[in-house]
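Visitor: Here is my input, please return the structure:
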Amino acid sequence: MYSKNEGGTPEYLAPEILLKQGHGKPVDWWTFGCIMYEMLTGMPPFSTQNREEMFKKIKTQPLKLPAHLSASLADLMQRLFEKDPRKRIGTRNLFYSRGLAGAAPAPLVPAAQLERGDRQADQPALRAQGQEQHRHPELRQGASLI
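Guide: Coordinates of the predicted model:
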């Protein structure tokens, strides 16, 4: 389902919104990238004083990334700011991005109860049968405080 609504924070608008092509969930991944970029740099991506110039940059110019970003983070940012929404990361599975799959295990895996029809359940957590699996022993004591 695609929307034709043009509302939103101007600095975070995805190219497909500005081009009035209709939009769907890939816009959310673009916006996620904008939030990440602003958190990392203190400024929105494509930011200028002139709104029309900013819109032109969003539609046509590649993202300029700070040099201090790691290679995997830079790769993720480039994929979030893909101009073509059909190719943008997130339209499939974010965690199959090069450099992210298996990058670091979660420090705490909560126990899960298998419910009827739940085919996406985390099988190792289900085998824990109600006990949390701590992958990092130093977190055992701290986890009980959360």
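
Visitor: CA atoms for contacts and neighbours, from now on please.
Guide: Will do.

Visitor: list the contacts for the residue nearest to Pro85 when sequence neighbours are not counted?
Guide: In space, and not counting its chain neighbours, Pro85 is closest to Pro26: 5.6 Å by Cα to Cα, 6 or more residues apart in numbering. Shown in contact with Pro26 (Cα atoms under 8 Å, 6 or more residues apart in numbering): Pro85, Arg86, Arg88, Ile89, Gly90, Thr91.

Visitor: again with Val27
Guide: Going by Cα under 8 Å, 6+ apart, Val27 touches Leu13, Ala14, Glu16, Pro85.

Visitor: Generate a markdown table for these, with secondary structure as supplementary columns.
Guide: Compiled in a markdown table, the contacts of Val27 are given as follows (DSSP: H, G, I helix; E, B strand; the rest coil):
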| residue | secondary structure |
| --- | --- |
| Leu13 | coil |
| Ala14 | coil |
| Glu16 | helix |
| Pro85 | coil |
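
Visitor: Looking at those, which is nearest Lys64?
Guide: When the contacts of Val27 are ranked by distance to Lys64 (Cα to Cα), Ala14 comes first, at 15.9 Å.

Visitor: isn't the closest one right next to Gly33, touching?
Guide: No: checked against Cα atoms under 8 Å, the pair Ala14 and Gly33 is beyond contact range at 10.2 Å.
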